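Asks: mind folding the following:
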Amino acid sequence: MSEEEINYASVVFKPKNKPPPEAKDEEETVYDEVKVHSQTSEQTADTNGLMPYKKGKNSCGACQLVACFLSILCVILIIGIIVVCIYFVSPSQDKQLDQLKHNQTTLLAENDNLTKRNTELISDNENLRQNKDNLTVQLNQLKTMYNVSESKLKNLTEENQNLKTQNQELEAQRNNLTQQIEKEETEWNELNVTRAQWSIDAYCPIERDKRHCNACQAGWLNYTSSCYAINNAVHDEQKNWREAQENCRGKASDLVVVVDEKEKEYIIDHSWVSSGTRGYWIGLRVEDGRWKWVDGSDLTKE
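Replies: Predicted coordinates:
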């Protein structure tokens, strides 16, 4: 027998319901073998001389019909399995999809909240940074002020110490001055007593066991209400104006101040001019380009 020819045919079945998302979009192809006899088998003689049995066209058509029926049955079974899977799987996938949508909505809301919170935190962080910068500036200013205050305090402490030292020195000087004043007051009192006694003896000398008081002390000239003394010193003992004033003050008096023409004539009459001595000192001198008397009055033409 020669080999039989085998022909293949593709049969595609499209389901009415749309498959689920997970199902493959590819078309299912069912293959089945269809054997087609070519020519009639060659006749062979058997030992009995009988011709072999020849298959007719009806036998070949029955085989093709059975194969087609089996193919259709397989396809129906596959379609049934697919439908059952879709029926049981689709609701679960819908629930999962709804749950995923709900989770997505929740996550989006949380993401929005986190975004807002992140924005708020960024704003708070910026405010904190600005506050930190401001506090840093204030801290530096306070440090500068503290250093300045500390320097001033140090200077004030030194000045206070110096003032204490000066105060102690001034107290010591005050004590010394107080002692000196007390000493001078004592000497002054003693001098006043001595001077009073001297004045009494000078103006009221004792003559014949009795005191006789005069307007001027002994050796002085009296004119109106004043007393005059003329110091007739030898040439080697003559003094300048300042020395003459000190000599007069040592006698509780001063150089003469001429107040009128009569006093001027009296002084001239009793001066050394009449005896030939040139020059004598009176209480007149130049101060700041002006003639002034020792009592501070200015010289006038009168």
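Asks: C-alpha only now, for contacts and for neighbours.
Replies: OK.
Asks: got the phi and psi for residue 285?
Replies: Reported as degrees, to the nearest 10, the phi and psi values for residue 285 are phi -160, psi 170.
Asks: and it, how many neighbours does it have?
Replies: Residue 285 has 15 neighbouring residues, counting by other C-alpha atoms under 10 Å.
Asks: what's near enough to touch it?
Replies: If you count contacts by C-alpha atoms under 8 Å, 6 or more residues apart in numbering, residue 285 has them with 291, 292, 293, 294.
Asks: what do you get if the cut-off is 10 Å, keeping everything else the same?
Replies: Contact analysis of residue 285 by C-alpha atoms under 10 Å, 6 or more residues apart in numbering lists 241, 291, 292, 293, 294, 298, 299.
Asks: domain assignment for the chain?
Replies: With domains defined by automatic domain parsing, the chain comprises 7-34+56-109, 217-293.
Asks: for the helix or strand residue 165 falls within, give the mean pLDDT please.
Replies: In the assignment (DSSP states H and E), residue 165 maps to helix 57-203. For helix 57-203, mean pLDDT is 87.
Asks: report all helices and strands that that helix contacts.
Replies: In terms of contacts (3 or more C-alpha pairs under 10 Å, 6 or more residues apart in numbering; DSSP states H and E), helix 57-203 is packed against strand 5-12, strand 29-36, strand 210-211.
Asks: mind redoing it with 8 Å?
Replies: strand 29-36 (3 or more C-alpha pairs under 8 Å, 6 or more residues apart in numbering; DSSP states H and E).
Asks: mind checking the backbone torsions on residue 226?
Replies: Dihedral angles of residue 226 (phi, psi; degrees, to the nearest 10) stand at phi -120, psi 160.
Asks: circling back: quick one: name whatever helix or strand follows the helix holding residue 165.
Replies: strand 206-207.
Asks: other residues contacting that next one?
Replies: By C-alpha under 8 Å, 6+ apart, strand 206-207 touches residue 212.
Asks: neighbouring strands for it, and are they parallel or not?
Replies: Here strand 206-207 is paired, per DSSP bridges, with strand 210-211 (antiparallel).
Asks: would you mind pulling up the elements that whatever helix or strand comes next after the strand it pairs with packs against?
Replies: Moving toward the C-terminus from strand 210-211, the next helix or strand (DSSP H and E) is strand 221-223. Packing partners of strand 221-223 (3+ C-alpha pairs under 8 Å, 6+ apart): strand 226-228.
Asks: residues in contact with the strand it packs on?
Replies: Under C-alpha under 8 Å, 6+ apart, the answer for strand 226-228 is 215, 216, 220, 221, 222, 256.
Asks: following it, which helix or strand shows up next?
Replies: Heading C-terminal from strand 226-228, the first helix or strand you meet, by DSSP H and E, is helix 241-249.
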